[in-house]
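>>> A structural model of the following input is requested.
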Amino acid sequence: MTRTPSGAGPVSTASDPLRILVVCTGNLCRSPLFAALLADRLGRDAVVTSRGTGAVAGATPPAAAVLAARRVGVELDGHTARSLDDSDIDDADLVLVASRRHRRDVVRRSPRAATRVFTILEFARLAEALVVQQAGPPESVSPDESGMAPAHSSAVGLGHDASAGGARRGVPATDERGRPFAVVDAVVRSRGLTRRPVNPDDDDVIDPIGRRASVHRRVSRQLAAAADLVGGAFAAPGADGPDPGSRPVAAVSHVAGPHRRPRRRPARARGAVASRDGHGPARP
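So this is what the prediction gives:
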């Protein structure tokens, strides 16, 4: 990875994994949980780290957060908080934050990062829309030579980006750096072209600190559903694992019931969850 002279963010090469930074306030519940969930789903395709805008270095998650995380396969016990630094933002290809307030904080610290900062639920929503657009009507989907289903006519897809006048822009269905980078680029382009929630608060994950255990459980289920959506979008159809469009997923803004996943060894959250070098959570 090399850095641009302007400091606008890293320039990744074909050998680099996608670098994702997850941010909340205290780096105790939301960001370390989602970082571990995402690292578990992306494996070697990404290096995921977490930080807090107001973290107290060395602080540990409350018991309610640890118990709620275990319900979705993540072990927070042993995690210690780390504070956000400007270099963390500059080093990331994608920054996912818990709420719109955190996005404002990150962009204020690094204005050049604005296009690559999303709330977790916003990115999951946009990524899901891309998967749906790419899949198209079931009878019309036929993988191309790369094993990926072609994008269908829509405002934005992984294969095509149609302007308001209907003209197609040259957006490749794949990226020499890998599909995760292509997905991120497509999501960035889709911002503003996809319908937003009626209630803007639906793009925020509430802070469960100081709340009842049931709130921690609800937030954990919500983040697990979001990680499924993002992981599904990053997984190329035809690769190992299910086609991301082949199974239903829970809505990320309102998760009605428990999020059930096959039993596995819990993923362990750390200040930096690195999947590339084998020190992150094992893939199933």
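
>>> burial of the nearest residue to residue 28 once chain neighbours are set aside, as a residue count?
Spatial nearest neighbour of residue 28, excluding adjacent residues (Cβ to Cβ, 6 or more residues apart in numbering): residue 61 at 4.6 Å. For every residue, glycine as well, the C-beta is placed using N, CA and C. By other Cβ atoms under 10 Å, the residues close to residue 61 number 25.

>>> next up, the contacts around residue 61.
By Cβ atoms under 8 Å, 6 or more residues apart in numbering, residue 61 lies in contact with 28, 29, 32, 69, 76, 77, 79.

>>> now tabulate these in a markdown table and tack on neighbour count and pLDDT.
As requested, these are exported to a markdown table (neighbours: other Cβ atoms under 10 Å; pLDDT from 0 to 100):
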| residue | neighbour count | pLDDT |
| --- | --- | --- |
| 28 | 26 | 98 |
| 29 | 29 | 98 |
| 32 | 32 | 98 |
| 69 | 29 | 98 |
| 76 | 26 | 96 |
| 77 | 16 | 92 |
| 79 | 27 | 97 |
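
>>> what's the farthest-apart pair in those residues?
Across the contacts of residue 61, the longest distance by Cβ to Cβ is 12.8 Å; it joins 29 and 77.

>>> sorry, back to before: quick one: the residue nearest to residue 28 from residue 55, how far?
11 Å (Cβ to Cβ, to the nearest Å).

>>> where do the contact lists of those two overlap?
Shared contacts of residue 61 and residue 55 (Cβ under 8 Å, 6+ apart): residue 28.

>>> now intersect the contacts of residue 61 with the helices, please.
32, 69 (DSSP state H).

>>> following element in sequence after the lowest-mean-pLDDT helix or strand in the chain, please.
Sorted by mean pLDDT, DSSP states H and E, the helices and strands of the chain end with strand 168-169, the least confident at a mean of 30. Sequence order places helix 179-190 as the next helix or strand after strand 168-169, per DSSP states H and E.

>>> can you name every helix or strand that that following helix contacts?
Here helix 179-190 touches strand 18-24, helix 120-135, helix 213-234, going by 3 or more Cβ pairs under 8 Å, 6 or more residues apart in numbering; DSSP states H and E.

>>> packing partners of the last one?
So that's helix 213-234. helix 30-42, helix 63-71, helix 120-135, helix 179-190.

>>> just for the protein, where's the confidence low?
1-15, 134-176, 236-284 (pLDDT under 70).

>>> try 90
1-16, 45, 129-180, 191-200, 235-284 (pLDDT under 90).

>>> would you check that residue 22 makes contact with residue 35?
Yes: if you go by Cβ atoms under 8 Å, residue 22 and residue 35 touch, sitting 4.4 Å apart.
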